[in-house]
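1. turn this into a structure:
(chains A, B and C)
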Amino acid sequence: MSKAKRYWMMKSEPDAFGIDDLERVGTEPWNGVRNYQARNFMRDGMRVGDGVMIYHSNCKVPGIAGLARVASIAYPDETQFDPKSKYFDEKATREQPRWFLVDVAFERKLKRVIPLEEIRGYTDALGEGFALTAKGSRLSVFPVTAAQWKLLLSLE
DNA sequence: GCCAACGTTGGC
DNA sequence: GCCAACGTTGGC
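-> Next comes the predicted model:
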């Protein structure tokens, strides 16, 4: 297995939990992901120390807001067991959890938010497989290649 | 607030 | 296993 550092993008809504919230708390269990593909990336792909770009969606200027790192291996998302949580899943059991998460640790805010609008200008360079600019993609957790990471950071 | 695109659910 | 209906995401 490759030891090369892996990179990821994770979306959040700044009104709910954005980069400023992550800075304040330091480390946060990334709960509430209820999409199997996103779950699989966290559960099967992420390793402690991986790089994470925090993307702000559903806001005035959608874009990349900061950097973080994966701070734990995947473990069951507690909110799936909590009937009072909006993320409750009645089909999940402790014996067979359905949803997993990782802890995410704050690293730094970018000097400026890199707007999606600007990122779209690099669609060709980022490649067809890049989930952020792929047509219709709504994935909230997805991999970023080292080359994509470098390109995106160069826009800061 | 609108709505296109997508994922999930459930009837058949 | 198909697919219509529904709920959600997220840019605009």
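2. per-residue pLDDT, residue A:30?
-> We have a pLDDT of 97 for residue A:30.
3. surely it touches residue A:99?
-> No - with contact defined as CB atoms under 8 Å, residue A:30 does not count as touching residue A:99 (10.7 Å). C-betas here are computed from N, CA, C, even on glycine.
4. I'd like to know how far residue A:7 sits from residue A:105.
-> Using CB to CB, to the nearest Å, we find residue A:7 at a distance of 15 Å from residue A:105.
5. now do residue A:75
-> 15 Å.
6. just residue A:51 next, same as before
-> 11 Å.
7. where along chain A do the helices fall?
-> In chain A, the helices defined using DSSP state H lie at A:14-17, A:19-25, A:36-40, A:116-119, A:123-126, A:146-154.
8. helices and strands around the second one, which ones?
-> By that I understand helix A:19-25. strand A:51-56, strand A:63-70, strand A:103-115 (3 or more CB pairs under 8 Å, 6 or more residues apart in numbering; DSSP states H and E).
9. do you know which of the helices of chain A lies nearest DNA strand C?
-> helix A:116-119 (5.3 Å; CB to the nearest atom of the strand).
10. what are the contacting residues of the closest one?
-> Residues from elsewhere that reach helix A:116-119, judged by CB atoms under 8 Å, 6 or more residues apart in numbering: A:62-64, A:126, A:132-133, A:152, A:155.
11. go with 10 Å
-> Residues from elsewhere that reach helix A:116-119, judged by CB atoms under 10 Å, 6 or more residues apart in numbering: A:55-57, A:61-64, A:126, A:130, A:132-133, A:151-152, A:155.
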